[in-house]
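Colleague: sequence below, structure please.
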Amino acid sequence: MPPAMLAALRAAFGERCNTALSVREQHGRGERVYDAAPPEAVVFCESNEDVMTVVRLAAAHGVPVIPYGTGTSLEGHLLAVQGGVSIDLSRMNRVLRLNAEDLTVTVQAGVTREQLNREIRDSGLFFPIDPGANASLG
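Modeller: Below is the predicted model of the structure:
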């Protein structure tokens, strides 16, 4: 990651841009036994605008972006094999809109299946798909 991009991330996100090795290692491994391949930075996004800011900076600097939900990956897609920035979506965990009449729910990317079912159960609806290990839906 070019120093200019890291500086821009730090300016935009402050403490929500983290480069501590322990945080990067957590975001560079899933539930499999693959060796950790940590990203160069982790940004804890809280809105779509945050995500767009990171993606725009990454595109401008040619840096890979790795989305991170709950870290339950079995496939190895969290591994930052070419470096890059991890976008942690766990703070984007709100149910935005429920429309029971047309059976739709709009959620942010960090909402988990269990959370969604807790929040919509009084409507008579449920989300029957189980992505496993209470993974985030986004």
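Colleague: which ones are touching Leu78?
Modeller: Contact analysis of Leu78 by CB atoms under 8 Å, 6 or more residues apart in numbering lists His27, Gly28, Arg29, Gly30, Ile66, Tyr68, Gly71, Ser86. From N, CA and C alone the C-beta is placed, and that goes for glycine too.
Colleague: what does Gly124 give?
Modeller: For Gly124, the contact set (CB under 8 Å, 6+ apart) comprises Ala100.
Colleague: give me the pLDDT value at it.
Modeller: Confidence at Gly124, expressed as pLDDT, is 89.
Colleague: same check, this time on the one 3 residues further on
Modeller: Model confidence at Phe127, given as pLDDT, is 90.
Colleague: switch the contacts of Leu78 over to JSON lines; also include secondary structure, distance to Ala80 and pLDDT.
Modeller: Conversion of those to JSON lines gives the following (DSSP: H, G, I helix; E, B strand; the rest coil; distance: CB to CB, whole Å; pLDDT from 0 to 100):
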{"residue": "His27", "secondary structure": "coil", "distance to Ala80": "8", "pLDDT": "83"}
{"residue": "Gly28", "secondary structure": "coil", "distance to Ala80": "5", "pLDDT": "83"}
{"residue": "Arg29", "secondary structure": "coil", "distance to Ala80": "10", "pLDDT": "76"}
{"residue": "Gly30", "secondary structure": "coil", "distance to Ala80": "12", "pLDDT": "66"}
{"residue": "Ile66", "secondary structure": "strand", "distance to Ala80": "6", "pLDDT": "93"}
{"residue": "Tyr68", "secondary structure": "strand", "distance to Ala80": "10", "pLDDT": "90"}
{"residue": "Gly71", "secondary structure": "coil", "distance to Ala80": "13", "pLDDT": "73"}
{"residue": "Ser86", "secondary structure": "strand", "distance to Ala80": "7", "pLDDT": "95"}
